[in-house]
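K.L.:
Please work out how this folds:
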Amino acid sequence: MNWGVISRNVGIALICCASFMFLSALVSVLDGFDSSFSPLLLSAILTMMVGIFPLVFVRRHRDINTQEGLAILLISWFLCCIFSMLPFVLWGGEFSLVNAWFESASGITTTGATVLEDIEALPKGLLFWRSSTHYIGGLGVVVFIVMILPSFGTVRFKMSKMGVDDISKNNYQYKSNKFVRVVVTVYAGITICSFLSLLLAGMPLFDAANHALSVTATGGFSTKNASIAAYDSPLIEWVLIFFMIVASLHFGLIYASFATRSFKVLKNPVTKFYLSTILAVSLLIAVNLVTSGTIPNVAEALRHSFFTVVCTISTSGFGSTDTNVWPTFSIILLLYVALQCGCSGSTTSGLRSDRVYLTLKAAWAQVIKMAYPTAVVQVKSDGQAVDREMLSSVSLYVLLYLILTLIMAVVYSAFGIDLLTAVSASVSMMSNVGPCFGSFGSSMSNFSMAPEAVKVLMGFQMIIGRLGIYSILLVFVLYRKRA
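P.N.:
Okay, here's the model as predicted:
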C-alpha cells in the first residue's frame with residue numbers, strides 16, 4: 001500500500017473535522033466566549049496542523065487501488081473519532097477519557113447514545129460541536145474527501161463507491177462527480193428544510209439548528225436532557241417524524257424524484273416495504289400501549305408509537321417518552337426495527353431494509369421452489385431479477401451481522417449486565433440506533449452507568465456497525481493477500 005496516498009487523504013478528512021471545530025468555536029464567540037471557546041480553538045488548531053502536515057510533504061496522486069481506498073475509509077473514521085474527543089477532554093466536566101471516546105464515537109457514527117447526565121450544562125459551543133460530529137459522520141468523511149479533492153479521476157469514483165452500500169449502487173446511476181453533487185444536494189436540502197420547519201413549529205433558533213444537523217444525519221443528539229420530550233410539542237414531533245423518514249430514504253431516489261418531478265422514490269419496492277414496516281409496527285405498538293393501559297389515550301399512544309418507531313428504524317434515537325415502561329411485545333417490535341433500519345443509500349445503518357426485503361423474498365422463493373421443484377423461481381426487485389451472487393452476499397451479511405451482534409451481547413453480559421440490556425445495547429450499537437432497553441441507555445436515559453470497559457467496546461462496535469462488516473473484513477483479506 002502507498003501510505004503517502006493514504007496519509008494525504010486522511011489528512012483531508014481531519015481538515016474537515018477541524019473546519020467544524022472552528023465553526024463551533026465561532027458559535028462560542030457569539031455566545032459571549034463561553035467556556036468551550038479555548039478547548040474548541042485549541043482542538044481545531046491541533047487537528048488542522050495534523051491534517052495539513054501530509055498535504056505539505058506528500059505529493060498528490062490521481063489514482064488509488066481498492067486496498068488503499070478502504071484503508072483511507074477506515075483510518076479516516078477512526079482518527080476522526082479520536083480527534084473529535086479533543087474538545088470534550090479539554091473542556092472536562094463529565095468527560096473522562098473513556099466518556100469522551102464514547103461520545104465522540106457515538107457522534108461520528110451518528111449513533112446518538114450519550115454518557116452525559118446533564119446535557120444542558122454544556123456550553124453552546126460544545127453543544128454545537130456535539131451535533132456537528134453527527135453531521136460529519138452522517139454525510140460521511142469519505143464524501144467530504146471527494147468533495148474537496150483537487151484532482152478528478154478514479155480516486156473520486158473509487159472512494160465514493162466505498163461510502164455507498166453495494167445494494168444501493170445500482171440506484172446511483174451517476175458519474176463520480178454527479179454522485180457527490182447528488183448526495184450533498186439532498187443532504188443540504190434536508191438540513192435547510194428541517195431547520196426552517198422546526199423554527200416554524202416553535203423550536204428556538206439554536207435548538208432548531210442543532211436538531212436539524214442531528215435529524216439529517218439520523219443521529220440522536222439533542223440539546224435537552226429529556227430530548228424531544230422537553231418541548232412537549234406534538235407539532236415538533238410530527239415535523240421530526242417526517243424528516244427522519246426522508247433522511248432514511250435512498251438519496252439517489254429522492255434526487256431523481258425532484259429532478260423528474262415524479263414520485264419515483266415512493267414507487268420503489270424497498271421504499272414501500274420500509275414505509276409499510278413503519279406503519280404496521282407503529283399501529284401494533286399503539287394498540288399494545290392502549291390495551292395494556294400504558295398509554296390509555298389513543299391519540300397519545302399513536303403519537304408516541306409513531307415517533308419512537310421512526311426514531312428507532314431511522315437510527316435517529318431521539319426520545320419523547322420512557323420506553324422502558326412499555327410492554328414486552330412493544331419492546332420486541334422495537335428491537336426488530338432496530339435491526340432492520342432504513343434504506344441503503346441513506347445515512348442510516350443496521351441491516352438496511354434492502355437486505356431484509358431481499359432476504360424475505362429469497363426465503364419465500366425457496367418455499368415456492370420446495371413446493372414446486374420443477375418451477376423456475378426468480379427473486380425480483382423493482383422488476384429486475386436479482387442474481388444469486390447478490391442474494392448470497394446479502395444472506396451472508398445478515399448472518400455475520402446477527403452473529404457479531406450476539407457475540408457482543410455475550411461480551412457485555414460478562415461484565416454483569418442483565419440479558420435485556422446486553423442484547424438491546426448490542427443491537428443499538430451495531431445498528432447505530434442510540435437508546436436501548438434495560439438498566440441504562442433508554443430513550444430517556446444514558447449510558448453513564450455502563451462499565452468503563454464496556455463503553456470502550458461499544459465505541460468500537462459503533463464504528464464497525466457504521467462502516468459495515470464487509471468493508472472491515474475486506475481490508476484484512478487484501479492486506480493478508482498483499483503480505
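
K.L.:
any idea how far Gly202 is from the residue sitting furthest away from the middle of the chain?
P.N.:
The outermost residue of the chain relative to its centre, with distances by Cα atoms, centre = their mean, is Thr374 at 43.7 Å. Using Cβ to Cβ, to the nearest Å, Thr374 is found at 63 Å from Gly202. Every C-beta, even on glycine, is put in place using the N, C-alpha and C of the backbone.

K.L.:
Also Leu116?
P.N.:
To Gly202, Leu116 is 25 Å away according to Cβ to Cβ.

K.L.:
okay, now Thr308: neighbour count?
P.N.:
26 (other Cβ atoms under 10 Å).

K.L.:
Kindly report the same for Leu279.
P.N.:
Applying other Cβ under 10 Å, we find 12 residues neighbouring Leu279.

K.L.:
As a check, name the ranges of all strands in this protein.
P.N.:
Taking DSSP state E to define them, one finds strands in the chain at 380-381, 384-385.

K.L.:
quick one, which of those is packed in tightest?
P.N.:
strand 380-381 (a mean of 14; mean count of other Cβ atoms under 10 Å).

K.L.:
Could you give the average pLDDT over that strand?
P.N.:
Averaged across strand 380-381, pLDDT comes to 78.

K.L.:
name the helices or strands packed onto it?
P.N.:
helix 353-371 (3 or more Cβ pairs under 8 Å, 6 or more residues apart in numbering; DSSP states H and E).

K.L.:
Mind checking the pLDDT average for stretch 93-113?
P.N.:
94.

K.L.:
whoops, I mixed them up, stretch 348-365
P.N.:
Here the average pLDDT along stretch 348-365 is 90.

K.L.:
Give me the distance between that stretch and the centre of its chain.
P.N.:
18 Å (Cα atoms, centre = their mean, to the nearest Å).

K.L.:
Just the buried residues of that stretch, please?
P.N.:
348-359, 361-362, 365 (16 or more other Cβ atoms under 10 Å).

K.L.:
Which positions in the longest helix seen in the chain come out as buried?
P.N.:
Using DSSP state H to define each element, the chain has its longest helix at helix 3-30. Within helix 3-30, the residues scored as buried using 16+ other Cβ under 10 Å are 5-21, 23-25, 27-28.

K.L.:
residues in contact with Ala113?
P.N.:
Contact partners of Ala113, counting by Cβ atoms under 8 Å, 6 or more residues apart in numbering, are 102, 106, 220, 317, 428-429, 434-436, 441, 446-447, 458, 462.

K.L.:
Mind checking which of the residues you listed land in helices?
P.N.:
Applying DSSP H to the contacts of Ala113, the entries found in helices are 102, 106, 428-429, 458, 462.

K.L.:
Out of these, give me the one that has the most neighbours.
P.N.:
Met429 (33 neighbours).

K.L.:
pretty sure that one contacts Thr111?
P.N.:
Yes - counting by Cβ atoms under 8 Å, Met429 touches Thr111, with 6.8 Å between them.

K.L.:
if I look at these two, which residues touch both of them?
P.N.:
The contact sets of Met429 and Thr111 overlap at 462, 465 (Cβ under 8 Å, 6+ apart).

K.L.:
returning to that earlier point: return the closest of the contacts of Ala113 with respect to His304.
P.N.:
Closest approach between the contacts of Ala113 and His304, by Cβ to Cβ: Pro435, at 13.7 Å.

K.L.:
I figured Met335 hits Ser424, correct?
P.N.:
One thing to correct before we go on: residue 335 is Leu, not Met. Yes - if you go by Cβ under 8 Å, Leu335 and Ser424 touch, sitting 6.2 Å apart.

K.L.:
Show me which of these two is the more surrounded one.
P.N.:
Neighbours per residue (other Cβ under 10 Å) separate Leu335 from Ser424, with Ser424 holding more: 24 against 19.

K.L.:
what sits against that one?
P.N.:
Contacts of Ser424 (Cβ under 8 Å, 6+ apart): 331, 335, 338, 436-438.

K.L.:
Which two of the residues you listed have the greatest separation?
P.N.:
The largest separation in the contacts of Ser424, counting by Cβ to Cβ, is between Ala338 and Gly438 at 13.4 Å.

K.L.:
Which of these two has more residues huddled nearby?
P.N.:
Under the criterion of other Cβ under 10 Å, the comparison of Ala338 against Gly438 puts Ala338 first, with 25 against 18.

K.L.:
how close does that one sit to Glu120?
P.N.:
For Ala338 relative to Glu120 (Cβ to Cβ), the value is 27 Å.

K.L.:
repeat for Asp322
P.N.:
Using Cβ to Cβ, Asp322 is found at 18 Å from Glu120.

K.L.:
and if you look at Leu196?
P.N.:
Leu196 is 24 Å from Glu120, by Cβ to Cβ.

K.L.:
now swap in Tyr412 and tell me
P.N.:
29 Å.

K.L.:
more neighbours, those two?
P.N.:
Shown here are Tyr412 and Glu120; by other Cβ under 10 Å, Tyr412 has more neighbours (26 against 12).

K.L.:
What is the neighbour count of the nearest residue to that one once chain neighbours are set aside?
P.N.:
Spatial nearest neighbour of Tyr412, excluding adjacent residues (Cβ to Cβ, 6 or more residues apart in numbering): Ala422 at 4.1 Å. The local packing of Ala422 (other Cβ under 10 Å) involves 23 other residues.

K.L.:
ok, Ala422 touching Gly416?
P.N.:
No - checked against Cβ under 8 Å, the pair Ala422 and Gly416 is beyond contact range at 9.6 Å.

K.L.:
I'd say Phe53 and Gly11 touch.
P.N.:
Yes - applying Cβ under 8 Å, one finds Phe53 in contact with Gly11, separated by 6.6 Å.

K.L.:
Just list the residues touching Leu40, thanks.
P.N.:
Counting by Cβ under 8 Å, 6+ apart, Leu40 touches 21-22, 24-25, 28, 87, 125-126, 129.

K.L.:
between the residues you listed, which is closest to Tyr231?
P.N.:
The closest of the contacts of Leu40 to Tyr231 turns out to be Leu126 (Cβ to Cβ; 21.0 Å).

K.L.:
quick one, phi psi at the closest residue to that closest one other than its chain neighbours?
P.N.:
Counting by Cβ to Cβ, 6+ apart, Ser36 is the residue found nearest to Leu126 once chain neighbours are left out, at 4.0 Å. The phi/psi pair for Ser36 (degrees, to the nearest 10) reads phi -90, psi -10.

K.L.:
Tell me, how many residues neighbour Ser36?
P.N.:
26.

K.L.:
Give me the distance between the nearest residue to Leu419 once chain neighbours are set aside and Cys436.
P.N.:
Leaving out its chain neighbours, the residue that sits closest to Leu419 by Cβ to Cβ, 6+ apart is Ser413, at 6.6 Å. Ser413 is 13 Å from Cys436, where distance means Cβ to Cβ.

K.L.:
looking at the chain, which helix or strand is least sure?
P.N.:
The weakest-scoring helix or strand in the chain, judged by mean pLDDT, DSSP states H and E, is helix 154-162 (a mean of 44).

K.L.:
Can you mark which positions in stretch 195-214 are buried?
P.N.:
195, 197-199, 201, 203, 207-214.

K.L.:
Surely Ser76 and Ser7 touch.
P.N.:
No - Ser76 is beyond contact range of Ser7, at 10.7 Å (criterion: Cβ under 8 Å).
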